[in-house]
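1. I'll drop the sequence and a predicted model, then ask my questions.
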Amino acid sequence: MGLLSNLLKSVSGDTLNQLKETITAAVSELEAKAGARETSSTPSYTPETEAPDWSDAEWHAYFLEILKTDFAGYDIKENVPVTDIAGAVSDEFQLYSTRPKQVYKAEWGQPYTFVMYQGGAPKAVVMLGSGHSHSSNVKYLIARMFAKKSDLPYINFYTQMPNERAYVVSRIGKFLA
């Protein structure tokens, strides 16, 4: 602290005031930018909103209703096996750096909760997840990688989050655009 005190004593009052004004202006500018960024990316719910305490079947029904109502131009299929999209293939994905040659088969993937079809062709995948266990994550990774290889948008929602209707519709709409 002695060095800083000596340095500040050697700086004139005017210079110190200018430095203080510059720092205050810079901090205000950063706060304004951060506030604007938060406003533009804020979802339609607040962090204080709690997710409904619904069963998996209730979440499934909720999302199915949203998809059928707000995306009526799409045919919706439920619980679609990864192989229905990718075929019965195995591929090498580097999911783990310790086992880069591990082969993951399409049938090992988590079935897609919903697949949105248009004109008989798949257009997007909507997945519901409710946790982060190792085995479910590997299944979801495999499903996501095969969706990506099939050039399908992969949209994931966690059911421990509020997932208000406006947020769900907006997010799916962005992926489809």
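-> All right, it came through fine.
2. tell me which stretches of the protein form strands.
-> For the chain, the strands defined by DSSP state E cover 75-80, 90-92, 103-105, 112-118, 121-129, 154-158.
3. which residues sit in contact with the residue nearest to residue 115 when sequence neighbours are not counted?
-> Excluding its sequence neighbours, the residue lying closest to residue 115 (Cβ to Cβ, 6 or more residues apart in numbering) is residue 80, at 4.5 Å. (Each C-beta comes from the backbone N, C-alpha and C, glycine too.) Residues in contact with residue 80, defined by Cβ atoms under 8 Å, 6 or more residues apart in numbering, are 111, 112, 114, 115.
4. if we can go back for a sec, make CSV from the strands of the chain and add mean pLDDT and distance to residue 29 to it.
-> Formatted as CSV, those follow (pLDDT from 0 to 100; distance: least, Cβ to Cβ, whole Å):
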stretch, mean pLDDT, distance to residue 29
strand 75-80, 97, 47
strand 90-92, 77, 48
strand 103-105, 83, 48
strand 112-118, 97, 43
strand 121-129, 95, 39
strand 154-158, 93, 35
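5. highest mean neighbour count out of those?
-> Across the strands of the chain, averaging neighbours per residue (mean count of other Cβ atoms under 10 Å) puts strand 112-118 on top, at a mean of 21.
6. what's it packed up against?
-> Contact here means 3 or more Cβ pairs under 8 Å, 6 or more residues apart in numbering; DSSP states H and E; on that basis strand 112-118 packs against helix 56-70, strand 75-80, helix 82-86, strand 121-129.
7. thinking again about what came up before, can you name the residues bridging to the residue nearest to residue 115?
-> Residues in a beta bridge with residue 80, per DSSP bridges, are residue 112.
8. what separation do you get for the spatially most central residue of the chain and residue 170?
-> Centre of the chain computed as the mean C-alpha position; nearest residue by Cα atoms, centre = their mean is residue 156, 6.4 Å away. Using Cβ to Cβ, to the nearest Å, residue 156 is found at 15 Å from residue 170.
9. if we can go back for a sec, against residue 87, how distant is the residue nearest to the centre of the chain?
-> As defined by Cβ to Cβ, residue 156 lies at a distance of 22 Å from residue 87.
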